[in-house]
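Peer 1: heads up, no residue letters with this:
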């Protein structure tokens, strides 16, 4: 029984079906269990894969998992909604989200340039920059495991920028003990994330690393929340940078829509919804209290 005979036997109900090209010769399966097939496979619902044409033919939205030679196919439930066009506002959010994230990652550049020029860190903490590296690396690996380019490209850039900021900070009269402590923390996160990715099956690793990323994001909200407390106590919102806050709102809002409506990933939309709420609270306080004087002490912008 050769490939042509089998293809002819199963092709009668799939002649006019839409096809999805497979771009890569190797695609990592989303599941830990792989089904191996010698040449052509077909689900009971009618989806077929042809090795010669490298096409998956969809008849009713069900794709199965398998290996053909050196080719691995993702196991995924391709529902009808997966093939339908997303609402325009979801697509728009998907276009805006990466660029908004880039703007947020680039925001510390003026502060870092001042630190590098003055060789003085002032009262500026190292935590935002070390956490940018650690958090970025966690989400970078998460995106790679899920094959989500929007996640791993954006966070890869954020991780690199975090390294640049970290280097500039630690070479500007930073106490060696502080730099050493943060470096050990960063390496612990990196090694722990890589260990999870290689030790557990893909599904389990995605779940664990995603949960760690959510915890990181929630922990990063501690700084803005403490700033909100200070604003309420002093009745002045001078410490809230409005342009940066608006950029954060756009960023978190876009990723919330993308994670909820397109990716359907709680690890994406949950922390971004929290970030969106925090940003809106800061804008509300800015409108309520304005920029009254909060004291004579001048600090580096954050």
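Peer 2: On my side now, so go ahead. Just so it is clear, the model here is predicted, and its values are computed rather than measured.
Peer 1: count of residues packed around residue 180?
Peer 2: 11 (other CB atoms under 10 Å). All C-beta spots, glycine's among them, are computed from the backbone N, C-alpha and C.
Peer 1: for it, what are its contacts?
Peer 2: If you count contacts by CB atoms under 8 Å, 6 or more residues apart in numbering, residue 180 has none.
Peer 1: Now do the same for it: its pLDDT.
Peer 2: In this prediction, residue 180 carries a pLDDT score of 92.
Peer 1: do the same with the one 5 residues further on
Peer 2: Residue 185 carries a pLDDT value of 93.
Peer 1: For it, give its distance to residue 106.
Peer 2: Per CB to CB, to the nearest Å, residue 185 is found 24 Å from residue 106.
Peer 1: Show me where the stretch 201-302 of the chain has its helices.
Peer 2: 202-220, 222-234, 242-257, 266-289 (DSSP state H, counting those that start in this stretch).
Peer 1: quick one: the longest one to helix 242-257, angle?
Peer 2: Helix 266-289 and helix 242-257 are oriented at 150 degrees to each other (axes from the mean of the first three to the mean of the last three CA atoms, to 10 degrees).
Peer 1: Which other helices and strands does helix 266-289 contact?
Peer 2: helix 202-220, helix 222-234, helix 242-257 (3 or more CB pairs under 8 Å, 6 or more residues apart in numbering; DSSP states H and E).
Peer 1: ok so, going back, just the helices of the stretch 201-302 of the chain: most buried one?
Peer 2: helix 242-257 (a mean of 20; mean count of other CB atoms under 10 Å).
Peer 1: Contacts only, for residue 141.
Peer 2: Neighbour list for residue 141: 152, 193-194, 197, 209 [criterion: CB under 8 Å, 6+ apart].
Peer 1: and what of residue 192?
Peer 2: Contacts for residue 192 (CB under 8 Å, 6+ apart) come out as residue 212.
Peer 1: ok so it is a helix residue?
Peer 2: Yes: counting by DSSP: H, G, I helix; E, B strand; the rest coil, residue 192 falls inside a helix.
Peer 1: of all the helices and strands packed on helix 266-289, which lies closest to residue 265?
Peer 2: helix 202-220 (7.6 Å; CB to CB).
Peer 1: Turn the helices of the stretch 201-302 of the chain into a markdown table, including distance to residue 134.
Peer 2: Shown next, in a markdown table, are the helices of the stretch 201-302 of the chain (distance: least, CB to CB, whole Å):
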| stretch | distance to residue 134 |
| --- | --- |
| helix 202-220 | 7 |
| helix 222-234 | 15 |
| helix 242-257 | 19 |
| helix 266-289 | 15 |
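Peer 1: Would you single out the least confident of those?
Peer 2: helix 222-234 (a mean of 74).
Peer 1: re the thing from before, quick one: which of the helices of the stretch 201-302 of the chain is nearest residue 156?
Peer 2: The closest of the helices of the stretch 201-302 of the chain to residue 156 is helix 202-220. By CB to CB, the value is 14.1 Å.
Peer 1: before we move on, back to that, make JSON lines from the helices and strands packed on helix 266-289 and add distance to residue 269 to it.
Peer 2: What follows is those, written out as JSON lines (distance: least, CB to CB, whole Å):
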{"stretch": "helix 202-220", "distance to residue 269": "10"}
{"stretch": "helix 222-234", "distance to residue 269": "19"}
{"stretch": "helix 242-257", "distance to residue 269": "5"}
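Peer 1: Can you say which of these is nearest to residue 264?
Peer 2: Ranking these by their distance to residue 264 (criterion: CB to CB) puts helix 242-257 first, at 11.6 Å.
Peer 1: neighbouring contacts of the closest one?
Peer 2: 89-90, 93-94, 96-97, 100-101, 103-104, 107, 268-269, 272-273, 275-276, 279-280, 282-283, 286.
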